[in-house]
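Q: Any chance you could fold what I've pasted below:
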Amino acid sequence: MTEIMTMMIIWLVVLIIAAIVEVLTMGLTTIWFAGGALVAIVATLLHAPIAIQVVLFFVVSLLLLFFTRPVAVRYFNRDRVKTNVESLVGRQAIVIGEINNIQGIGQVTVGGNQWSARSVSDNVVIPAGAVVNILSINGVKLIVKEDEQMKDLNPAPPSVPEPMSVSQMEELEERQSE
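A: Just a heads-up that it's a prediction; the model follows:
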């Protein structure tokens, strides 16, 4: 077998493997290497030295990857439906447990599910009942910010009753029983 036939087979195998991996993963990464392999096949047919074929393969693959992938991702993933967690970003949630980053507490409900939440700012405490916007997700916690448009509708933080003495509690119970 001649050197040209050997290189043709090698480049065809690379092309087929890259295409199969792309079909299986749909990640828009290996298809660019298939393009590089195609250029290398043309170089082989033109009797280019092996070193030139390899350089052309890598240069064309990387150029395709860096310059056309962002455009392709934008168009091919346009209709992709966001699933699970990534669909929460940009939505509103209701605070069901005060969010206080310093104390490490906070819970929200969104879409009927409860999530741990943290404020985007450490010095901001968001009261229960407030409406927040989900900005991002960090691990299993939603990073939220109080919705400025809904701020006037958000409840005031609950007031804490003054402590009572035993005699005051007995007096209150007597008044309630009457």
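Q: Looking at the record's assignment, how would you partition the protein?
A: Annotated domains of the chain cover 3-76, 87-146 [automatic domain parsing].
Q: among those, which is nearest Pro163?
A: Among those, the nearest to Pro163 by Cβ to Cβ is domain 87-146 (20.6 Å). For the C-beta atoms, the positions are set from N, CA and C on the backbone; glycine is no exception.
Q: beta partners for Ser116?
A: Residues in a beta bridge with Ser116, per DSSP bridges, are Gln107, Lys141.
Q: Show me which residues of the longest helix seen in the chain are buried.
A: In the chain, taking DSSP state H as the definition, the longest helix is helix 50-76. Residues Gln53, Val54, Leu56, Phe57, Val60, Ser61, Leu64, Leu65 are the ones in helix 50-76 that count as buried (16 or more other Cβ atoms under 10 Å).
Q: would you turn the domains of the chain into a markdown table with distance to Gln176?
A: Below are those laid out as a markdown table (distance: least, Cβ to Cβ, whole Å):
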| stretch | distance to Gln176 |
| --- | --- |
| domain 3-76 | 66 |
| domain 87-146 | 27 |
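Q: With respect to Glu170, which of those lies nearest?
A: Per Cβ to Cβ, nearest to Glu170 of these: domain 87-146, 31.5 Å.
Q: Quick check: mean pLDDT of the closest one?
A: Averaged across domain 87-146, pLDDT comes to 88.
Q: for the domains of the chain, which one sits closest to Arg175?
A: domain 87-146 (29.9 Å).
Q: Can you give the distance from the closest one to the centre of its chain?
A: Domain 87-146 sits 16 Å away from the centroid of its parent chain (Cα atoms, centre = their mean, to the nearest Å).
Q: Noted, bye for now.
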